[in-house]
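S.K.: just a sequence and a predicted model for now, questions to come.
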Amino acid sequence: MRLAELNVVLVPGLLCDKAVWKPQLAALKDVARMQVADHGELDSLVAMADAILAQAPPKFAVVGHSMGGRVALEVVRRAASRVTGLALLDTGYAPRPAGEAGTKEAAARHALLDLARSAGMRAVGERWLSIPMIHEARLKERKLVESILGMIERRTPEQFAAQIRALLARPDATALLPMISCPTLVLCGHDDAWAPLSTHRVMAQLIPHSTLVTVPECGHMCTMERPEPVSTALRTWLARVAKMSS
């Protein structure tokens, strides 16, 4: 299969839309036919995966960022024979922890939902940026910051609530990882405070023949923070996908 014949579905994460993939849509348009998933108000990762499968070509590669990576794993779980390649960016695979840790996670997520309903979606983005969501060196880049805040502001509290329900009920993908047989890229911003590099190292160890790429001086929003190295890594991975699909 030639690179230009590849079909690729890009899956955005929590409160993200097509803007999170804008640099890659431009950088990779010569090597793949790409479409971006839209989760709408779907409130489970399985439902999101089913929606992608209903709209995707018979064979396709899937790239997921953050929550989108978890959705991509559910796509593979449900239809591995259709997936020619998998790329997992700044994401995770474990379920919500049991006990006090899980209770604290739910409380923190619902507190953010309360903030969205009382102060607006932009306030949620501003809170996230303070964690920080992106590398500290990027926080002074107003164009980047505004693009992230604008993306979050386009979402609604109802969509946020649905995606919170999806994440709190996220499936455990641990047993799935060793069963993945397609060419897989595992990529993480070196300084991601939300989905740490250590998690990605474990994923890369568990997924046979996967490739781990670390993006230096980069936080959670790798596709927007460091678009060039991310696009380069995806291009290299797509070449592997095309070769294996021939």
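M.R.: Looks like it arrived, so ask away. Numbering: from 1, shown residues only.
S.K.: shaky segments in this structure?
M.R.: Along the chain, the parts satisfying pLDDT under 70 run over 1-4.
S.K.: domains for this protein, by residue range?
M.R.: The chain breaks down by automatic domain parsing into domains covering 3-96+171-245, 99-165.
S.K.: with mean neighbour count as extra columns, can I get those domains in a markdown table?
M.R.: For glycine as for every other residue, the C-beta is placed from the backbone atoms N, C-alpha and C. Shown next, in a markdown table, are those (neighbours: other Cβ atoms under 10 Å):
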| stretch | mean neighbour count |
| --- | --- |
| domain 3-96+171-245 | 20 |
| domain 99-165 | 15 |
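S.K.: OK, contacts around the closest residue in space to P57 that isn't next to it in sequence?
M.R.: Spatially, and ignoring its direct neighbours in sequence, P57 is nearest to N7 (4.4 Å; Cβ to Cβ, 6 or more residues apart in numbering). By Cβ atoms under 8 Å, 6 or more residues apart in numbering, the contact list for N7 reads 32-33, 35, 56-57, 59-61.
S.K.: the strands in the protein, which residues?
M.R.: Assigned by DSSP state E, the chain shows strands spanning 6-11, 32-36, 60-65, 83-89, 184-189, 211-215.
S.K.: what's across from the residue nearest the centre of the chain in the sheet?
M.R.: In the chain, the centroid-proximal residue (Cα atoms, centre = their mean) is H65; its distance is 1.3 Å. Following DSSP bridges, H65 is listed with bridge partners L89.
S.K.: the residue nearest to P57 bridge partners, please.
M.R.: Judged by DSSP bridges, the bridge partners of N7 are R33.
S.K.: show me the biggest helix of the protein in terms of residues.
M.R.: helix 99-119 (DSSP state H).
S.K.: that helix packs against which elements?
M.R.: Contacting helix 99-119 under the criterion 3 or more Cβ pairs under 8 Å, 6 or more residues apart in numbering; DSSP states H and E are the following elements: helix 121-129, helix 157-168.
S.K.: which residues touch the residue lying closest to D38 once chain neighbours are set aside?
M.R.: Nearest non-adjacent residue to D38, counting by Cβ to Cβ, 6+ apart: D17, 7.1 Å away. With contacts defined as Cβ under 8 Å, 6+ apart, D17 is in contact with 36, 38, 151, 154-155.
S.K.: please consider this matter closed, and thank you.
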